[in-house]
Each structure stands twice: as structure tokens, then as C-alpha cells.
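**Q** My questions concern the predicted model and sequence given below.
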Amino acid sequence: MTQSYFPSKAMPASPVSTPQAGEEKHMKAEDVQGAYVEQKDRLLGAIDATKALLNDLRLFNQENWVIRYPQLREQPTEADKSDEAEASRASCRKSMRRSLSFADDPTFQAEVLVTPARKGMARSVTLASIADETEDTRAEDEDRLVSPSDAADFHVFRLDLKLGAHGSSSSPAALVSQLEKSSIANLLDTRIGASMSHIEKLRQRVEDTSSKVLVTGDLNAGKSTFVNALLKREVMPVDQQPCTTAFCEVHDAAENGGKEELHILKDGVPYSRDDESTFTRADLSELESIVSENENVQQMLKVYLRDGRSAEESLLSNGVVDISLIDAPGLNRDSMKTTALFARQEEIDVVVFVVSAENHFTLSAKEFLWNASNEKAYLFIVVNKYEQIRDKAKCRRLVLEQIKQLSPRTYEDAEDLVHFVDSATALQKGAESFDNLESSLRSFVLVKRAKSKLTPASTYLTHLLSDVDLLVGANAIVAQAELERAREDLNRSRPVLEKMKNSRETLEDSLENVEETGATRSQVRTKEILNDALTRVGQGLLGVETSGLSLPSYPGFLGIWDYAREVRRTLLASIDIAVKLAENEARVITSNGVDQIFKLGDEHLPEGVERSRRVFMPEAMFSTDKNARRKSRRFSGAIVAGGVHNLGIGLAQRSDMLETTFFDIFDVQHQFRIHFGGKDVEEEDSTLTALSAASVGLGALTMVGSKTLGARGIIEGIVRITDILGNETARKWAAPVLGAITIGAAVYFVLELPSSIPRTVGRRIQATLVRENEERVEDITFVDAHATRVSRETRKVLRLASWDLKERFRTAMDERSREVKGSEDLEKKATKAVEWFRDVERRTTEVRAAAELIVSA
């Protein structure tokens with residue numbers, strides 16, 4: 001059903017209390033003056049209230065709500081209906097329906113119902129939102145005070161937002177939709193400010209006891225001749241060519257001490273009759289020459305004349321009100337004078353528009369009258385040179401039809417306000433038609449002052465309040481829509497924000513747990529793999545069983561040195577493979593951790609938030625860069641797969657680790673530690689010294705003894721042998737026995753070396769990598785260094801993924817916070833706007849009721 005944003009309040013609208021035509025002649029001057037003063041006071045109060053309302057509207061537009069400029073268009077015609085009566089009713093309803101949009105937002109479309117003012121209603125326009133096609137049309141059948149087309153358009157606040165010629169349908173640019181809201185709001189603010197200035201001048205005119213009558217029209221329409229006929233004397237210069245180029249304001253000479261003279265006003269200086277510095281005096285006879293000599297200069301002239309006629313006959317010297325008669329230049333004389341004439345409308349009480357019966361209303365005349373009708377519902381129309389027309393009936397009919405379109409109220413009172421005369425004839429010999437015109441003009445200016453002087457202000461206020469109603473009504477719809485949208489956004493965003501706030505700590509704990517678990521697992525697994533590899537190497541086996549790597553074959557005793565070197569290289573390579581295996585294990589652990597982080601993102605990130613586009617590449621882990629240097633040297637003292645300063649170099653590529661010594665073949669130190677339980681000796685020298693040779697010999701004897709008799713048995717045997725050698729017989733057998741022992745030991749070494757060298761080399765490699773670096777402050781072993789390195793790489797990757805998720809979560813929560821904050825602010829702002837717009841409608845209703853304004857089109 002149709003829902004009005006402003007509840008209708010039926011209030012009586014009393015028309016301006018003006019005497020009827022039959023009563024005017026019988027009313028006393030005191031009664032007329034009393035009614036006028038009463039209506040003037042009400043109108044002044046309405047002007048003040050309207051000015052305050054407009055000031056509040058401007059402040060609200062600047063500080064609280066950007067006032068949107070609405071545009072109402074008729075809906076497309078409906079399909080033909082078989083029932084003509086139903087089609088007629090549908091057409092009636094359709095004439096009240098409009099499509100509401102805004103110049104700054106053409107995408108906004110709303111179907112609205114425009115309700116013009118009716119009898120008994122003080123409000124001129126009601127704007128309502130339409131929810132369906134069913135509505136009560138009984139009210140539409142009542143007599144309307146405003147036509148639907150006028151009710152759905154602006155009068156005072158109208159903005160021309162078209163590019164190109166006004167009203168040009170062929171213009172390539174339609175509405176200036178690219179203008180921002182604030183830009184159009186500024187244009188509207190400027191227009192409201194101009195209307196405030198206008199009603200302030202109207203207030204001054206209403207308070208002013210005098211009345212200004214403007215005589216204007218097209219070129220050569222006979223304006224000056226008409227003024228001379230009113231004054232009953234030739235004062236204004238008259239010629240067949242356009243003559244009047246200045247604004248000549250005629251006053252009663254009584255205002256100038258009874259002296260007839262001409263005052264030429266100085267440009268830019270406020271005129272004061274008592275201050276001669278504001279004008280230049282001239283004789284009345286110089287008027288024609290002054291006007292003709294300054295044809296291209298816009299002048300303002302004050303003409304003071306004596307009228308010898310009685311107060312009952314004279315317009316200027318009427319004994320009731322001070323009247324000034326202004327003879328203005330022709331409308332289409334030039335653009336500057338036409339613009340100046342439009343600007344003077346706000347100072348004018350009565351407009352007497354002179355139109356030639358030969359030319360009727362030109363485009364300039366129509367534009368002037370249309371603007372004048374916005375403020376002055378009643379215009380005094382003089383159709384001059386009427387006696388020269390042969391088909392007078394046709395001329396009268398065409399002129400009245402045009403007046404009906406330009407000023408409907410003037411047309412309704414055409415008998416008193418539209419006169420067909422010939423001013424030249426009336427000036428020369430008088431004419432009854434002109435006498436009727438004078439009587440009507442005098443009555444309009446003096447007796448009907450409430451209509452001639454107050455109606456322009458009341459009409460302007462009516463149109464102004466009508467525009468305010470239309471403006472706030474349309475913006476109330478927007479504010480209501482914004483309010484509903486804000487509440488919808490809050491219902492959607494607020495629960496999401498609360499959920500994110502509650503899950504934030506859980507997410508951070510989960511991410512920290514994933515990171516810590518992954519790093520710990522990588523470290524533990526690396527230690528397991530490398531410790532196992534070193535144990536196997538110490539036993540003379542490959543650190544990792546792999547199909548592409550095996551121990552070299554024994555080349556024989558002559559190639560024993562190369563054999564020891566290749567065994568060392570192979571065992572070191574197997575340790576490098578173990579390091580790679582540990583890294584691969586870490587990649588798997590890291591991949592699982594990254595997957596867990598992605599799952600946490602899917603669980604905690606709200607819908608609509610873009611997920612991470614980062615692609616985890618496990619092969620990028622542990623990549624080496626020749627130009628990269630670690631900032632931290634914490635593990636620089638450890639002997640690791642990458643060397644002392646770089647973990648990216650394998651052991652099998654390090655020359656210092658590949659260096660082969662004699663101890664790789666005969667590990668004397670190891671034998672001493674086994675058989676004598678001696679302490680570790682210092683690291684072997686790479687050169688073979690005499691002591692080393694002696695150690696080798698002793699070691700060989702010890703090893704032989706350990707395999708046959710045992711170490712103690714050998715010592716005891718040596719003692720016995722010494723005793724035996726003292727015997728001559730024993731000395732004969734000593735040399736053969738010692739030779740046999742030597743040969744047996746040599747054979748034993750040759751046969752045992754292929755299996756002992758891998759064990760010997762492996763033990764030495766194991767001892768080198770496991771032994772702590774006593775020269776460094778921080779003692780980190782090979783296994784610990786690699787475990788820390790792998791763990792750190794895993795942690796780095798997981799931390800990066802965690803940071804990315806945290807950042808997205810934080811950004812999403814900040815966005816939701818801003819959305820909620822924005823929606824809350826919009827909700828408050830829109831609620832305030834709706835209430836304020838309703839209050840404005842109430843205030844406009846009260847202004848109309850208090851001033852008893854006439855609702856007019």
C-alpha cells in the first residue's frame with residue numbers, strides 16, 4: 001500500500017482576504033487599510049519563519065546531510081485497455097505517478113506518488129513511496145489547486161543541469177550525472193541563499209508603504225507612449241526607433257518638495273534624495289537628449305513630476321500611497337539590459353507588461369513572464385496598438401490563450417488585468433478603453449493592495465514552500481532508504497565482527513602452535529637422521545642406504561692410499577645425502593604446517609575476504625645463494641655440511657675434509673685407547689714423524705699381540721725372549737722365528753686392510769664431526785647446527801604464512817569495524833535526517849496556516 005513519509009494533516013487553507021469586485025466600491029478606506037495591515041503582518045511573520053527555515057536548511061545541508069536534488073519524470077504509458085473508463089482512471093492515476101531519481105545518482109530509481117494541494121490542505125506537495133499498483137484515487141478526483149505537472153516540479157529551486165541549449169533534446173549530454181553530490185548540493189545551497197536574499201527584499205517591499213509599478217515589454221511595443229498616456233503628458237521620449245534605453249523611475253513631485261526635475265543616479269552609489277553626491281540634477285526638458293546621448297550606457301533616472309489631476313484620478317498623486325512608475329528598456333534590446341530587468345523583479349510590486357497586438361508574445365516576453373509568474377501570480381497585461389488590428393476577435397483570442405499558459409491567475413481575472421488599448425490614440429484624444437484600464441490599474445494598485453503588493457510575496461513564499469516540501473520529501477525517501485540500508489548492513493556486519501573478535505585469540509594461539517610444532521618436529525627429525533647417519537659412518541657403513549652411492553672396491557695394497565681417499569669421499573657424500581634427507585623431511589613437515597594454516601584461514605576469515613594467493617614451493621626451502629650472507633654468525637664456529645661459514649657447501653666438496661692421512665690406514669691412537677685406556681691424544685699431524693713411525697711399529701706389534709697372545713703376553717714374551725737370547729742355542733733360532741713372525745704380521749695387515757680402512761676413516765670422520773669446537777665460545781656440533789638450521793627454515797616459512805593470515809585477519813577485522821562504524825554513523829545520521837525532514841514539513845504547514853497563503857500554480 002502507499003505509505004507517505006510525511007503523515008497528512010488536514011488543515012484549512014484560507015485564501016487571502018481580499019474584497020470581491022462588487023464590494024470594493026462600497027468598502028471604506030479604513031476597512032481596506034485595516035485588512036491590508038492585518039494581512040501584511042501575517043505575511044511578514046511568514047517571511048521571517050520561511051527565512052529561518054531556509055537558513056536551517058542550508059546549515060543542515062552543510063553540516064549534517066548532503067541535500068540531494070530530485071528529478072521527477074512521468075512513467076511510461078501503460079498498455080491500451082479495452083475498457084475506456086478503466087483506461088481513463090488509470091491515466092488519472094498515472095498522471096500522479098512519477099519516477100524519482102537524482103542528478104548525482106541516476107542509478108537510484110523509485111516510484112513515487114505526487115499529491116498536489118487540495119481544498120482543506122495547507123501543504124502544496126506530498127511525496128509518498130509506492131509499494132503496489134493499488135491506491136485510493138478518490139482524493140485525486142477532487143479539485144486540485146496545483147496541477148500534477150506543476151506539483152512535481154520546482155519553481156524557485158530549479159537547477160538547469162543540462163549541457164548545451166536549454167531544453168535541447170538533441171544535445172549529446174543529458175543530465176550532469178558525473179557531478180558529485182557535494183557539487184550539486186553546493187549549487188542548491190547557492191540557489192537557497194539567493195532565495196533568502198530575495199525574500200529579504202520582498203520583506204522590505206512589504207514593509208515599504210510605497211508601491212513600485214514596472215512598465216516593460218518588447219521593443220517598440222509602445223511602453224513610453226503608454227506611460228505618457230497614464231501621466232496625461234508627453235514626458236518619456238517617443239520615436240519609431242527604440243528610444244528608451246534607461247530605467248526611468250517617475251515619482252510625484254511632492255516627494256521632491258513639489259519641484260519637477262531629473263536626477264541622474266551615480267553608478268555604484270546608493271541613491272539619497274537628500275545627498276546630492278549620489279546623483280546629478282538636470283532639467284526635465286533634458287530627458288530626451290540625456291537618453292539619446294547615452295544610448296549605450298545603462299542609466300538609472302529619477303523623474304519627479306507634478307500631476308494636476310485630483311487624487312481620485314491621478315495614479316501618482318493619489319493621496320493614499322506613494323507610487324513610482326518605472327519605464328524600462330525593451331526586453332530584447334540587449335542581454336545586459338534584459339538581465340538587469342530580470343534582477344529588478346524582486347523590487348517590483350506590480351508588473352505592467354506592454355505587448356504589441358501586432359507581434360503578441362516573443363520568446364523574451366514569454367521567458368520574462370514565466371519568471372515573473374513564479375513570484376507574482378497576477379500580472380497587468382496591456383495589449384497596445386489594438387485599434388490597428390482588423391480581426392480584433394482573433395487577436396483577443398490568441399493573446400488570451402497565450403496568457404492562460406504563461407500566467408493562469410492573470411487569465412482567471414482577465415477582465416480586470418488584461419486590457420486591449422491604443423495608447424497613442426488615448427494620449428491624443430482619450431479613449432474609453434484606456435479610461436477603464438486606468439481605473440482597473442488604480443484599483444489594482446490602491447484598492448487591491450493585498451493582491452497587487454502582498455500577493456507577489458505570498459505567491460513567491462507559496463512556491464518556495466512548495467519547493468521545500470518537494471525537496472525534503474524526496475530527501476526523506478533517500479534518508480529512509482539509507483536508514484534501512486544501514487540497518488541491513490549492521491545486521492550483516494556486526495555478527496561477523498563479534499565472531500572475529502572472539503576468535504582472534506584462538507587463531508593466534510593456533511598459529512603459534514602450528515609454528516612451534518613444525519619447528520620442533522623438524523629439529524627432532526633432523527637430529528635423528530644425522531645421528532643415525534654418523535653412527536653408521538663410524539661403523540664404516542654409508543650414512544644413508546641409497547642406490548646411487550656405494551663404497552669403492554679395494555684396488556690392492558699398491559692403491560691403498562687412493563682407496564682410503566675414495567672411502568672418505570664416499571662416506572662424506574653419504575652424510576651430505578643424510579642432510580638432504582633431513583631437509584626433505586622438513587619440507588614435508590612444513591607443507592603440512594602451511595596446509596593447517598590455510599585451513600585456519602578458511603575457518604576464521606569471513607566470507608568475501610580474499611584468501612592468500614601465496615603458493616608454497618617446498619623446493620625453494622634451503623636454497624643457496626652465492627651472494628647471500630647470513631647476518632647472524634651464531635653458528636659460524638661449527639663444522640657443518642656447508643663449511644665453517646656457509647651451510648650450503650657439502651662435506652664431499654670440502655678440500656679440508658677430503659684430505660687423507662696415514663692415520664686413515666693405521667689408526668694407532670684408536671688402538672691405544674682400546675688396549676691401554678689412554679686419553680685422547682692431540683690431533684694428528686699431517687706429516688709422518690719419527691715418533692709417529694715408532695708409534696706405528698709399536699702399534700703393529702701391539703695389534704699382532706692382541707690378535708695372538710694378548711698385550712701382556714707379548715711383554716712377558718719379550719722378557720723371556722731376552723733371557724733366551726742369552727743362550728747360544730736360542731740365538732740360532734731367534735732370527736728365523738722373528739722373520740716368520742714379521743711375515744705373518746705383514747700378511748695379516750694386507751688381508752685385513754680392505755675392511756679396516758672404512759671403519760678407520762669412518763671413526764675419524766665421526767670423531768671430527770661429533771667433537772665439540774673448543775676454540776669457540778658457543779660449542780655447537782654438526783648435528784645441532786643442522787638441526788637448528790632446518791628448524792629455523794621451517795619456522796621462517798610457517799611464520800611467514802602465519803603473518804600473512806594474521807595480517808589478512810587484522811585487515812578484514814579493521815574493514816568490518818569500519819563498516820560497522822560507518823553503518824552506525826549512517827544509521828544515526830539517517831534517523832536524524834528523517835526526523836528533521838518531518839519537522840520541516842510540519843514547519844512549512846504551520847507557516848502556510850499562519851499566513852493563510854494562497855496555494856497557486
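**A** Done, it's in.

**Q** Who are the contact partners of residue 57?
**A** Listed by C-beta atoms under 8 Å, 6 or more residues apart in numbering, the contact set of residue 57 reads 67, 192, 468, 471, 472, 840. All C-beta atoms are positioned from the backbone trio N, CA, C, and that covers glycine.

**Q** Isn't the third one up against residue 842?
**A** No - the pair residue 468 and residue 842 fails to qualify as a contact (C-beta atoms under 8 Å) at a distance of 11.8 Å.

**Q** So between these two, which is more surrounded?
**A** Remark: of residue 468 and residue 842, residue 468 carries more neighbours, 25 against 14, as counted by other C-beta atoms under 10 Å.

**Q** measure the more buried one to residue 612 for me?
**A** 54 Å (C-beta to C-beta, to the nearest Å).

**Q** Repeat that for residue 516.
**A** Between residue 516 and residue 612 the distance is 21 Å, computed by C-beta to C-beta.

**Q** Tell me which of the two has more neighbours.
**A** Neighbours were counted for residue 516 and for residue 612 using other C-beta under 10 Å; residue 612 has more, 16 against 12.

**Q** Nearest residue to that one in space, please, no chain neighbours.
**A** Distance criterion C-beta to C-beta, 6 or more residues apart in numbering; nearest residue to residue 612, sequence neighbours excluded, is residue 804 at 5.3 Å.

**Q** And for residue 419?
**A** In space, residue 419 is closest to residue 437, 4.1 Å off (C-beta to C-beta, 6+ apart).

**Q** which of the residues in whichever helix or strand the one you found is part of are buried?
**A** Residue 437 belongs to helix 432-442 when assigned by DSSP states H and E. Of the residues in helix 432-442, 434, 437, 438, 440, 441, 442 count as buried by neighbour count, 16 or more other C-beta atoms under 10 Å.

**Q** which of those residues has the weakest pLDDT?
**A** The member of these with the lowest pLDDT is residue 442, at 83.

**Q** doesn't residue 311 make contact with it?
**A** No - using C-beta under 8 Å as the test, residue 442 is too far from residue 311 to be in contact (10.5 Å).

**Q** next helix or strand past the host helix or strand of residue 190?
**A** Taking DSSP H and E as the definition, one finds residue 190 inside helix 181-207. Sequence-wise, the next helix or strand downstream of helix 181-207 (DSSP H and E) is strand 211-217.

**Q** Direction included, what does that following strand pair up with?
**A** If you go by DSSP bridges, strand 211-217 pairs up with strand 323-327 (parallel), strand 350-356 (parallel).

**Q** Tell me what angle the last one forms with helix 432-442.
**A** Strand 350-356 and helix 432-442 are oriented at 160 degrees to each other (axes from the mean of the first three to the mean of the last three C-alpha atoms, to 10 degrees).

**Q** Please apply the same query to the shortest one.
**A** Strand 323-327 and helix 432-442 meet at an angle of 120 degrees, taking the same axes, to 10 degrees as the criterion.

**Q** export strand 323-327 as PDB, just CAs?
**A** Presented in PDB, the C-alpha positions along strand 323-327 are these (Å, rounded to 0.1, in the frame of the first residue of the first chain):
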ATOM      1  CA  ILE A 323       3.500  55.300  -6.300                       C
ATOM      2  CA  SER A 324       6.600  55.200  -8.600                       C
ATOM      3  CA  LEU A 325       6.200  54.300 -12.200                       C
ATOM      4  CA  ILE A 326       9.200  52.700 -13.900                       C
ATOM      5  CA  ASP A 327       9.600  52.800 -17.600                       C
END
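
**Q** element containing the residue nearest to residue 207 when sequence neighbours are not counted?
**A** Among residues not flanking residue 207 along the chain, residue 44 sits closest, at 7.0 Å (C-beta to C-beta, 6+ apart). Using DSSP H and E, residue 44 sits within helix 29-63.
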